[in-house]
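**Student:** Just a sequence and a predicted model for now, questions to come.
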Amino acid sequence: MEDQQIVELYWQRDERAIQETAEKYGAYCRKISMNILNNRDDSDENVNDTYLRAWRSIPPVRPVSLMAFLAKIARNLALNRYKARHAQKREGDSFALSLEELDDCTPAAFQVENQAEEAELGRCISDFLRGQPADRRNVFLCRYFYGESIEEIGRRFGFSQSKVKTMLMRTRRLLRERLEKEGYWI
């Protein structure tokens, strides 16, 4: 079923929307969840929560890209679950390591006072990524949006782990420079 047809089912409040979403995007949402949570039960629960959040959000939202809409929901829910699970302890897992990598290029102690400031930072990062070569942008997104390991990214793009690490390091450095230029204190 096409995405617009699925969205229309949501708008009609037809429960088949969830079934069609699960059929088309269930594995995709599970992959995002597993990359962050690294636990099948938590990931399955996260995927179900993703469907519920989509059901509650559509309408009034009419997503242009259902796939991106679901990815954002799955990722945000997984991040919240991850933070709650790891609030008291620091584990050396792949996702925790990717978050630490970003510490060097994101605003220090950044407190979002309002949605406008958050949106502006998001726009700045998006503009930066759109200006990067496709392979660099894709590697960055795989690591920091989808939470994939260095090994997975290397296999996906046919790069050595060393090349992936170097690309990520250079992209983080460039992002840091861009954010500093935009007035964010790193």
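**Tutor:** Perfect, thanks for sending it.
**Student:** quick one, what contacts the nearest residue to I58 once chain neighbours are set aside?
**Tutor:** Nearest non-adjacent residue to I58, counting by C-beta to C-beta, 6 or more residues apart in numbering: Y10, 3.8 Å away. The C-beta positions use only the backbone N, C-alpha and C, and glycine is treated the same way. Y10 makes contact with 17, 54-55, 58-59, according to C-beta atoms under 8 Å, 6 or more residues apart in numbering.
**Student:** secondary structure element for Y10?
**Tutor:** According to DSSP states H and E, Y10 maps onto helix 3-11.
**Student:** Who's the closest spatial neighbour of the residue most central in space within the chain, skipping the chain neighbours?
**Tutor:** What sits nearest the mean C-alpha location of the chain, by C-alpha atoms, centre = their mean, is F145, with 3.2 Å. Closest residue to F145 apart from its sequence neighbours, by C-beta to C-beta, 6+ apart: R75 at 6.6 Å.
**Student:** is it true that that neighbour touches K31?
**Tutor:** No: using C-beta atoms under 8 Å, R75 is not in contact with K31; the gap is 10.8 Å.
**Student:** Give me the more crowded residue out of those two.
**Tutor:** The neighbour count for R75 versus K31, taken as other C-beta atoms under 10 Å, is higher for R75 (20 against 17).
**Student:** Does the more buried one lie in a helix or a strand, and which?
**Tutor:** Following DSSP H and E, one finds R75 within helix 66-85.
**Student:** Let me see the mean pLDDT of that helix.
**Tutor:** Here helix 66-85 scores 93 as its mean pLDDT.
**Student:** Distance of the residue nearest to the centre of the chain relative to L77?
**Tutor:** Using C-beta to C-beta, to the nearest Å, we find F145 at a distance of 14 Å from L77.
**Student:** what does P63 give?
**Tutor:** 16 Å.
**Student:** Which strands and helices lie in contact with the helix holding R75?
**Tutor:** Helices and strands touching helix 66-85, by 3 or more C-beta pairs under 8 Å, 6 or more residues apart in numbering; DSSP states H and E, are helix 3-11, helix 16-37, helix 40-57.
**Student:** got a list of what the residue nearest to F145 touches?
**Tutor:** 32, 36, 145-147 are the contacts of R75 under C-beta under 8 Å, 6+ apart.
**Student:** and stretch 157-165, how far from the chain's centre?
**Tutor:** With C-alpha atoms, centre = their mean, to the nearest Å as the basis, stretch 157-165 stands 21 Å off its chain's centre.
**Student:** Between the two ends of it, how far is it?
**Tutor:** 13 Å (C-alpha to C-alpha, to the nearest Å).
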